[in-house]
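> pasting the structure only:
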């Protein structure tokens, strides 16, 4: 999102009115600087990662999978039995969580074992702290 953010004429007029009416204690240049500061923090890769994570956790079953993996590493077959999901559905959810960087996978012979990634663990601890 490296596009430059500019205030429109309408926004400038509205801010000028707020400043004149003493609703806010800032000048127009402060708002321009604030907007530039916010814009500088929004890079496309970061926004893409956050988007993947938010989409991944927007599904109830994926949140349950994260909570199961918070307890311990599990085989995909354990997860589908515990959640009562089909193997393809479980596989899809795990794939979404992996693409979001929340879950890691290791293969041992013909079994796939899933665990929270470092990012997944930090993110889940953050979510649990909100509860």
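Here it is on my side, so go on. Here the structure is a predicted model, which means the values were calculated and not measured. Numbering: from 1, shown residues only.

> now the phi/psi pair for residue 21, please.
Taking degrees, to the nearest 10, you get phi -80, psi 0 for the backbone angles of residue 21.

> any idea how far residue 15 is from it?
Distance, residue 21 to residue 15, by Cβ to Cβ, to the nearest Å: 11 Å. Any C-beta I mention is one placed from the backbone N, CA and C, and that applies to glycine too.

> run through the helices of the protein in chain order.
Applying DSSP state H to the chain gives helices spanning 9-20, 28-41, 44-57, 60-71, 76-83, 87-99, 118-130.

> between those helices, which one is nearest to residue 107?
Of all the helices of the chain, it is helix 76-83 that lies closest to residue 107, at 10.6 Å by Cβ to Cβ.

> buried residues in the closest one, which are they?
For helix 76-83, the neighbour count (16 or more other Cβ atoms under 10 Å) marks 76, 78, 79, 80, 83 as buried.

> for residue 124, state which of those residues is nearest.
Looking across those and measuring by Cβ to Cβ, the closest to residue 124 is residue 79, at 15.4 Å.

> which residue sits closest to that closest one, ignoring its sequence neighbours?
residue 90 (5.4 Å; Cβ to Cβ, 6 or more residues apart in numbering).

> what residues are up against the one you found?
65, 76, 79, 80, 83 (Cβ atoms under 8 Å, 6 or more residues apart in numbering).

> isn't the last one up against residue 61?
Read it as residue 83. Yes - with contact defined as Cβ atoms under 8 Å, residue 83 counts as touching residue 61 (6.1 Å).

> circling back to that earlier point, of the contacts of residue 90, which is the nearest to residue 49?
For the contacts of residue 90, the nearest to residue 49 is residue 65 (19.2 Å; Cβ to Cβ).

> my read is that the closest one contacts residue 95, right?
No - under the criterion of Cβ under 8 Å, residue 65 makes no contact with residue 95, lying 11.2 Å away.
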